[in-house]
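Student: Requesting a structural model of the entry that follows:
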Amino acid sequence: MAEVVIVKDADEGGALGAAVVARLVRQTPAAVLGLATGSTPLTMYRHLAVQLAGADLGQVRGFALDEYVGLPTGHPESYRAVIDREVVVPLGLDAGRIAVPNGKIETAEHAGRDYEAAIAAAGGVDLQILGIGTDGHIGFNEPGSSLASLTRVKTLAPQTRADNARFFESIDDVPMHCITQGIGTILRARHLVLLAFGASKAHALAAAVEGAVSSSVPASAIALHPHVTVIVDEAAAAELVNADYYRYVFDNRPAWQEL
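Tutor: Below you'll find the model as predicted:
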């Protein structure tokens with residue numbers, strides 16, 4: 001079972017998630033991080049920049065979860081630009097050590113294989129940061145994705161394009177395809193930290209944490225992983241049947257037990 005930690009709000013959740021990442025980086029200066037984008041992890045990245053201020057992060061490596069296919073180089077909503085803007089610059093990371101899938105149309109056919117090889121060459125991901133979509137997707141693994149899938153091109157579901165339209169001038173500007181780490185790729189990371197904030201995530205979160213493992217709810221695959229930390233605010237926890245138990249477990253965990 002994942003360890004579910006229920007906090008007051010997104011800011012508290014971001015601070016807690018940042019503390020988990022910061023501890024890893026202090027213990028393992030050459031840590032390999034799996035980096036999620038979107039609005040959910042922003043508070044965590046802001047707290048992480050404060051918690052690691054002054055630290056030497058020159059050895060840290062990172063792999064973004066996904067990238068749109070076909071956006072022009074330098075587009076502000078490409079995940080390369082987002083990662084640089086929201087993670088690399090604020091934390092002072094070495095941009096050359098932070099990888100993003102290659103979203104060029106002409107190389108999309110083998111971009112997934114190339115990315116898998118790069119992750120393997122780095123020794124795998126130590127800690128993967130995740131959000132969850134309103135339909136239960138992780139990365140861009142839409143409902144129906146194979147639980148053994150690797151990095152590949154995916155067609156975005158209409159709901160996902162609608163959810164991401166807020167970042168573009170209109171939904172028509174949201175790309176139809178992406179390259180995403182697969183569920184199987186994500187499950188290879190040594191520690192998964194999934195964040196969920198807000199009432200809109202409550203139903204998907206409950207299905208992922210307390211429902212059956214199913215490709216219909218891609219995030220439910222976290223049940224197959226031995227080390228998962230789920231950090232959620234009260235609004236996102238609203239449909240969790242066992243919320244009181246999760247609070248009890250967290251309040252009474254052994255002193256030596258880390259998230």
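Student: okay, CA-based contacts and neighbour counts for the rest of this
Tutor: Noted.
Student: Worst mean pLDDT across the helices and strands of the protein, which element?
Tutor: Lowest by mean pLDDT, DSSP states H and E among the helices and strands of the chain is helix 158-164, with a mean of 87.
Student: hmm, who's touching it?
Tutor: By Cα atoms under 8 Å, 6 or more residues apart in numbering, the residues outside helix 158-164 that reach it are 133, 135, 171, 174, 175, 176.
Student: Flag every buried residue along that helix.
Tutor: 160, 161, 164 (16 or more other Cα atoms under 10 Å).
Student: So, low pLDDT: which residues of the chain?
Tutor: Filtered on pLDDT under 70, the chain yields the residue ranges 1.
Student: give me phi/psi at residue 99?
Tutor: phi -100, psi 150 (degrees, to the nearest 10).
Student: Name the nearest residue to it, ignoring sequence neighbours.
Tutor: residue 63 (4.8 Å; Cα to Cα, 6 or more residues apart in numbering).
Student: do the same with residue 190
Tutor: residue 126 is the one closest to residue 190 (Cα to Cα, 6+ apart), at 5.0 Å.
Student: what about the one you found, how many neighbours?
Tutor: 21 (other Cα atoms under 10 Å).
Student: my guess is it contacts residue 35, does it?
Tutor: No: the pair residue 126 / residue 35 is not scored as a contact, 11.1 Å apart, by Cα atoms under 8 Å.
Student: Spell out the residue ranges of the strands in the stretch 101-250 of the chain.
Tutor: For the stretch 101-250 of the chain, the strands defined by DSSP state E, counting those that start in this stretch cover 127-130, 152-155, 177-180, 192-196, 228-233.
Student: count of residues packed around residue 228?
Tutor: 22.
Student: do you know how far it is from residue 84?
Tutor: 26 Å (Cα to Cα, to the nearest Å).
Student: try residue 148
Tutor: 29 Å.
Student: more neighbours, these two?
Tutor: Using other Cα under 10 Å as the criterion, residue 148 and residue 84 rank with residue 84 on top: 17 against 13.
Student: give the contact list for that one.
Tutor: Here residue 84 is in contact with residue 95 (criterion: Cα under 8 Å, 6+ apart).
Student: give me phi/psi at it?
Tutor: The phi/psi pair for residue 84 (degrees, to the nearest 10) is phi -60, psi -40.
Student: Contact partners for residue 235?
Tutor: Per Cα under 8 Å, 6+ apart, neighbours of residue 235: 9, 197, 198, 199, 202.
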